[in-house]
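Give me a 3D structure for the following:
(4 chains)
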There are 2 protein chains.
Amino acid sequence: MTFFTEQPVTAADTTFFQLRKDIVEGDIVAGSKLSETQLSTKYEVSRAVIREAINRLEASNLVERKANVGARVVSLSPQGLIELYQVREALEGMGARLAAKNMSADEIADLQQLLDSHSKKVESGESYYQEAGDVDFHYRIILGSKNQHLISTLIDGIYHLVRMYRVQLGMAGPRVTTAFDEHKHVVRAIANRDAELAEMLMRRHITYSMKNIETKL
Amino acid sequence: MTFFTEQPVTAADTTFFQLRKDIVEGDIVAGSKLSETQLSTKYEVSRAVIREAINRLEASNLVERKANVGARVVSLSPQGLIELYQVREALEGMGARLAAKNMSADEIADLQQLLDSHSKKVESGESYYQEAGDVDFHYRIILGSKNQHLISTLIDGIYHLVRMYRVQLGMAGPRVTTAFDEHKHVVRAIANRDAELAEMLMRRHITYSMKNIETKL
DNA sequence: ATCACTTAAAGTGTCGACAATCTTGCTACT
DNA sequence: AGTAGCAAGATTGTCGACACTTTAAGTGAT
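Got it, this is the predicted structure:
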């Protein structure tokens, strides 16, 4: 989150980012209809750019469109969350596996440093918004895979949906205490270039995270 | 391929399908530029529908767009193929795992029957286009996962890219002889409801397939 | 009162024109 | 001769208007 920022250049870009934010954060209610004309006046752009933005939201799986009918924000369901985490487990597992192969020594050192700073903040009891750290951790590993498909699928697509679920189902952040250990184990496996283990640990980390969420429903 | 057909309803739909076909089959050269005005006259629709079609192609990873510059068909590279197969391995592995859990007994029986008919055709030396069968096999397992994210990611996205590589790098179909055995093993694991094994075998099947392709480059 | 049909209203799909941006070739200057 | 700047052309981005489809209300008949 700290390194990589999407720069809007066209009006459709800014509208897309704005709409995505409003949907993910629940300002536009899940399951609600997206009227092109209505949004057009709200965001003060033509219907053409609204349409382009909606198309991109559909490609991000945040919105569903039916021809001649319109677009609706996806509705959240426990089943949907489970399916999402299954895909995430598969992709991030592969991400960790590839990261163990492809991350540079410097990148790994940075990653370890990041974890250290996190654990210190937590130990000192410093109130600190954990989600950002968790996101940062997962981002670095995905980026470390050096696989462009993986990167864009997760970062442009799945993570926004995950965040939408987290925000709207009111789970502030992931489990703080136990997650750190899991993160550490994953990083250690990567540092040891043990791809097999890195994948397994990352998959476990994600399934644990999902089970933790399931109990809260 | 026999069961599920995408029905175009708008002009943008038909244009999208047509363009995708032309790109996947190489009628539009990989790496070439997509001029909106040019395509507009070629397909006899307005630029608006061309733009929507191109947007969808971009979402399918078949096309890359730069703001104020235009869209290009993705260019094929060995690296790109490898990355694609890595993602495919992760997703289809998970697909097989879930299929072992979620396919109905009837669906499994149908799948076994499909394999039988294939092996008979091959044994009898009947010339027969193997790719369709392979695609059918993979489709059924993915659909058997019952995971909508997985299904749409693979069927609407990755498979078209895979086909593009296959067609344009001139690999008619996958390895006929050995692939059958691998298919059988996967199905047996699914029939035994052994999710773990099904995933492992499917992943191996895909990595073998990739290595087979690599030797041909 | 219910159901089928008609029709008006609202919304999406498509179009052509204008505005903004990038590209290319030329000019002028060092 | 090489380079920086400029101008003309071509291409993409955005807009408002029109066409078509869906939806829903309303009318009339059984």
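
any idea how far A:S40 lies from B:V187?
Per C-beta to C-beta, to the nearest Å, A:S40 is found 51 Å from B:V187. Any C-beta I mention is one placed from the backbone N, CA and C, and that applies to glycine too.

Quick check on these two: which one has the bigger neighbour count.
For A:S40 versus B:V187, neighbours defined as other C-beta atoms under 10 Å in any protein chain shown are more numerous around B:V187 (24 against 17).

quick one: buried residues of the helix or strand harbouring that one?
B:V187 belongs to helix B:176-191 when assigned by DSSP states H and E. Buried residues in helix B:176-191, counted by 16 or more other C-beta atoms under 10 Å in any protein chain shown: B:A179, B:F180, B:E182, B:H183, B:K184, B:H185, B:V186, B:V187, B:A189, B:I190, B:A191.

The nearest residue to A:F16 once chain neighbours are set aside: neighbour count?
In space, A:F16 comes closest to A:A53 once its chain neighbours are excluded; the distance is 4.1 Å by C-beta to C-beta, 6 or more residues apart in numbering or on different chains. If you count neighbours by other C-beta under 10 Å, A:A53 ends up with 26.

Same check on A:V29?
11.

Pull up the residues of chain A that are close to DNA strand D.
A:T10, A:A11, A:A12, A:V45, A:S46, A:R47, A:A48, A:V49, A:E52, A:N68, A:V69 (C-beta under 7 Å from any atom of the strand).

just checking, the second one touches A:V49?
Yes - taking C-beta atoms under 8 Å as the definition, A:A11 is a contact partner of A:V49 at 4.9 Å.

quick one: the helices in chain A?
A:11-24, A:36-43, A:47-59, A:78-102, A:105-123, A:130-144, A:148-152, A:159-168, A:176-191, A:195-215 (DSSP state H).

Now do A:L115 against A:V186, distance only.
Relative to A:V186, A:L115 is positioned 10 Å away (C-beta to C-beta).

let me fix that: A:L201
5 Å.

Now for those two: what residues contact both?
Taking C-beta atoms under 8 Å, 6 or more residues apart in numbering or on different chains as the contact rule, A:L201 and A:V186 both touch A:A96.

follow-up on the earlier one: would you turn the residues of chain A next to DNA strand D into TSV with pLDDT?
Putting those into TSV (pLDDT from 0 to 100) gives the following:
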residue	pLDDT
A:T10	96
A:A11	97
A:A12	97
A:V45	97
A:S46	97
A:R47	97
A:A48	98
A:V49	98
A:E52	98
A:N68	96
A:V69	96
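
And the closest residue in space to A:S35 that isn't next to it in sequence, how close does it get to A:S145?
Among residues not flanking A:S35 along the chain, A:G70 sits closest, at 7.0 Å (C-beta to C-beta, 6+ apart). The gap separating A:G70 from A:S145 is 37 Å, by C-beta to C-beta.
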